[in-house]
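1. Sequence first, then the predicted structure, then my questions.
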Amino acid sequence: MRGSLHGGVQRSSRQESSRESAHESAPNEQPTRTKPERHQRPTCAGTDTTALGDSDPVSAPAPAPADPALTPAPLTPAQAFDALYACCAPSLVQQTYLLTGRRCLARDAVEQAFQLAWQRWPEVAVDRDPAGWVRAAAHEYALSPWHRLRHRLLRQFRHPEPPPADPTGRALLDALLKLPPPYRRTLILYDGLRMDLPETAAETEASTAAAAGRLMHAREAVAGCLPEPISPDTLHRLLTELPAGVHPGPAEPIVLRAQADLRARRWIHTAIAFTTILLTTTALTLHIAPDHYEPPIPPGTPVQGLPPKPAAGPLSPTQQALRTKLRSATATGPERLRPEAH
């Protein structure tokens with residue numbers, strides 16, 4: 001015990017002597033403290049670059065100027081629209097075919113949706129999901145009762161569309177067309193496109209509970225029409241393979257943009273013509289309309305109590321002689337120029 005205490009005292013005395021020698025050898029040197037290395041994190045515009053608990057801000061190095069020749073030029077609205085059409089049109093026609101069962105209506109719905117997207121391109125370009133915007137417009141056009149009625153009336157003048165060659169595909173298409181349009185759309189969005197239930201409910205403008213109920217009912221109805229029970233994965237595969245032969249029409253993006261611009265100009269001209277007619281009619285009405293009050297003329301009433309008008313009777317001999325004299329003397333005698341004095 002005594003030896004261990006003696007050894008500890010010796011070690012402490014050696015440490016103190018070494019510290020004193022270090023201070024004596026470097027009397028003017030001050031101890032320095034190095035800050036831990038800090039990794040620069042990418043910051044967004046408007047965020048503070050000052051570290052938590054530290055008062056000095058992190059000085060970010062100035063970014064090197066980019067080479068204008070290597071920086072890609074931003075897409076023009078026409079180029080962005082063409083890229084969206086090339087990316088989404090084929091699959092969108094196939095989805096719309098599952099909704100309607102008719103290729104012609106599916107192509108028309110997609111073309112109308114893209115024309116509407118070009119007319120509202122400032123709104124579509126900043127949307128968080130431009131493909132979803134066009135998809136919703138195409139589905140609403142395809143499921144509109146007026147457009148379905150128009151295509152149903154025109155279908156009798158066209159060649160009938162061939163049904164799917166696969167018996168399972170024909171049964172699936174018949175089962176889909178028997179569903180109500182909201183149930184059919186919910187099934188295609190959830191099982192065909194593998195969208196989440198909240199997203200499906202938002203696109204179909206329904207609550208999550210209502211979308212879940214529609215989905216379960218649609219699955220049961222489709223499973224009852226198929227020859228054998230299927231799983232959700234099998235249903236997804238069938239919904240993907242069924243419209244595989246349906247492709248967009250020959251319309252090019254530039255044609256759709258031209259048609260959209262032409263339709264917009266027609267609407268503008270129609271609005272101008274209607275406004276001109278309305279203003280002209282208003283001006284004529286103000287010019288022709290009376291500017292003061294005119295009381296109505298009261299209806300006439302018969303006067304009672306007046307004696308009847310006497311009728312002319314036969315002439316007396318004296319009156320007849322006078323009439324004869326006037327007729328004979330007045331026209332030929334001198335009295336015509338010089339009256340007789342009485």
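-> That came through fine.
2. The longest helix out of those in the chain: which residues count as buried?
-> As assigned by DSSP state H, the longest helix anywhere in the chain is helix 253-288. Residues of helix 253-288 classed as buried by neighbour count (16 or more other CB atoms under 10 Å): 253, 256-257, 259-260. All C-beta atoms are positioned from the backbone trio N, CA, C, and that covers glycine.
3. just stretch 166-176 next, same as before
-> Result for stretch 166-176 [16+ other CB under 10 Å]: buried residues 168-169, 171-173, 175-176.
4. Closest to Ala273 out of these?
-> Leu176 (44.0 Å; CB to CB).
5. Summarise which helices and strands the helix or strand hosting Arg214 is packed against.
-> Following DSSP states H and E, one finds Arg214 within helix 208-225. Helix 208-225 sits against helix 167-178, helix 181-187, helix 197-203, helix 232-241, with contacts defined as 3 or more CB pairs under 8 Å, 6 or more residues apart in numbering; DSSP states H and E.
6. ok so, going back, could you list every helix and strand in contact with the longest helix of the chain?
-> Using 3+ CB pairs under 8 Å, 6+ apart, the elements in contact with helix 253-288 are helix 77-100, helix 103-119.
7. State the next helix or strand along the chain beyond it.
-> On the C-terminal side of helix 253-288, the nearest following helix or strand under DSSP H and E is helix 317-332.
8. mean confidence for that next one?
-> For helix 317-332, the mean per-residue pLDDT is 79.
9. got the CA positions of that helix in CSV?
-> Output of helix 317-332 as CSV, limited to C-alpha atoms (Å, rounded to 0.1, in the frame of the first residue of the first chain):
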residue,chain,number,x,y,z
PRO,A,317,-145.0,71.9,-106.9
THR,A,318,-143.3,75.2,-106.0
GLN,A,319,-140.0,73.5,-105.3
GLN,A,320,-140.2,71.5,-108.5
ALA,A,321,-140.9,74.7,-110.6
LEU,A,322,-137.9,76.4,-108.9
ARG,A,323,-135.7,73.5,-109.7
THR,A,324,-136.8,73.5,-113.3
LYS,A,325,-136.1,77.2,-113.6
LEU,A,326,-132.7,76.9,-112.1
ARG,A,327,-131.7,74.1,-114.4
SER,A,328,-132.8,75.9,-117.5
ALA,A,329,-131.9,79.6,-116.9
THR,A,330,-128.8,79.4,-114.9
ALA,A,331,-126.7,77.4,-117.3
THR,A,332,-127.8,79.2,-120.6
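10. Domain-wise, how is the protein divided?
-> Residue ranges for the domains of the chain, per automatic domain parsing: 76-162+251-285, 164-243.
11. As CSV, those domains with mean pLDDT would be great.
-> Shown next, in CSV, are these (pLDDT from 0 to 100):
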stretch, mean pLDDT
domain 76-162+251-285, 86
domain 164-243, 89
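12. who's in contact with Ala210?
-> Ala201 (CB atoms under 8 Å, 6 or more residues apart in numbering).
13. hmm, back to that, redo the helices and strands packed on helix 253-288 as JSON lines? Include mean neighbour count and distance to Leu187.
-> As requested, those are exported to JSON lines (neighbours: other CB atoms under 10 Å; distance: least, CB to CB, whole Å):
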{"stretch": "helix 77-100", "mean neighbour count": "19", "distance to Leu187": "9"}
{"stretch": "helix 103-119", "mean neighbour count": "22", "distance to Leu187": "17"}
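14. okay if I get those as JSON lines plus distance to Arg237?
-> Shown next, in JSON lines, are the helices and strands packed on helix 253-288 (distance: least, CB to CB, whole Å):
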{"stretch": "helix 77-100", "distance to Arg237": "13"}
{"stretch": "helix 103-119", "distance to Arg237": "20"}
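15. All set now, cheers.
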